[in-house]
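Chemist: next comes the sequence, and after it the predicted model I'd like to discuss.
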Amino acid sequence: MDKITYLIDDLLNTTRTNQGQLHLNFSEFTIVDMLEKCCHHIRMGGKHKLTLQGDQGLKMWADEVRIDQVVVNLVNNAVKYAPDQREIYLIVEDLGDWVKVSVKDNGPGISKDKLAHLFDRYYRVDYSGVQYSGLGLGLYISAEIIKKHNGKIGVDSEVGKGSTFWFTLPKKT
Ligand code: ADP
């Protein structure tokens with residue numbers, strides 16, 4: 001049921017973003033508070049340990065519901081593509097005029113030629129022999145949400161060395 005809900009949410013969100021209907025409700029919130037609340041389903045599952053690192057007091061001016069959705073997407077991907085790795089790190093950094101949030105896993109990593117396409121609509125890496133459910137929309141939707149906040153989204157990854165998906169948002173809009 002959860003999986004189907006995620007798929008339907010993804011499709012509805014894509015339609016909304018394509019029609020320019022992604023409206024943002026800005027407010028100020030403490031990033032670690034949002035990160036602590038956001039991934040209950042993973043913590044409850046008990047298979048993965050989410051470790052919060054970095055600036056505890058740093059605040060963000062953004063649409064908390066949408067940013068929560070981005071983080072959930074990134075953490076769900078870490079769980080899905082790095083299932084044997086227990087540790088997932090959520091890292092908060094103060095970059096002066098920007099804040100940075102990263103989700104780091106120690107999974108299989110992604111090869112260089114694929115990295116540029118990950119945020120494209122419907123793009124999925126073909127892991128031969130292994131079936132991961134998904135539509136290839138999560139990162140596309142996440143990128144649309146971050147772009148709408150005038151932020152940046154990206155990934156640092158190397159095969160065998162895990163992946164760090166990150167986004168930065170301006171402190172002031
Ligand atoms: P989906 O998970 O539905 O395929 P996404 O847009 O969320 O779609 O991700 C696109 C692709 O990026 C995935 O198919 C997967 O190949 C790759 N990917 C995303 N997150 C990770 C990760 N943490 N580790 C390895 N590969 C990843």
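Modeler: Done, it's in.
Chemist: quick check, pLDDT for the residue in the chain that the ligand sits nearest to.
Modeler: Using Cβ to the nearest ligand atom, the closest approach of the chain to the ligand is made by residue 134 at 2.2 Å. Heads up, the C-betas are built off the backbone N, CA and C, glycines and all. Reported pLDDT at residue 134 in the predicted model: 77.
Chemist: for burial, what's the neighbour tally of the residue nearest to it when sequence neighbours are not counted?
Modeler: Nearest non-adjacent residue to residue 134, counting by Cβ to Cβ, 6 or more residues apart in numbering: residue 124, 6.5 Å away. Here the count is done by other Cβ atoms under 10 Å, and residue 124 has 15 residues near it.
Chemist: for this protein, which segments count as strands?
Modeler: For the chain, applying DSSP state E gives strands covering 27-30, 49-54, 59-62, 87-94, 98-105, 152-157, 163-170.
Chemist: so where's this structure uncertain?
Modeler: 3, 6-7, 18-19, 127-130, 173 (pLDDT under 70).
Chemist: gap between the residue most central in space within the chain and residue 107?
Modeler: Of all residues in the chain, the one closest to the mean position by Cα atoms, centre = their mean is residue 74, 2.7 Å from it. Counting by Cβ to Cβ, to the nearest Å, the separation of residue 74 from residue 107 is 12 Å.
Chemist: same question for residue 121.
Modeler: 23 Å.
Chemist: who has more neighbours out of the two?
Modeler: Taking neighbours as other Cβ under 10 Å, residue 121 and residue 107 compare with residue 107 leading, 21 against 15.
Chemist: contacting residues for that one?
Modeler: 78, 81-82, 84-85, 162-163 (Cβ atoms under 8 Å, 6 or more residues apart in numbering).
Chemist: please repeat the previous calculation with a cut-off of 6 Å.
Modeler: By Cβ atoms under 6 Å, 6 or more residues apart in numbering, residue 107 lies in contact with 81-82, 85, 162.
Chemist: ignoring the adjacent residues along the chain, who's closest to it?
Modeler: Leaving aside its sequence neighbours, residue 107 sits nearest to residue 82 (Cβ to Cβ, 6+ apart; 2.4 Å).
Chemist: so that neighbour touches residue 109, yeah?
Modeler: No - under the criterion of Cβ atoms under 6 Å, residue 82 makes no contact with residue 109, lying 9.0 Å away.
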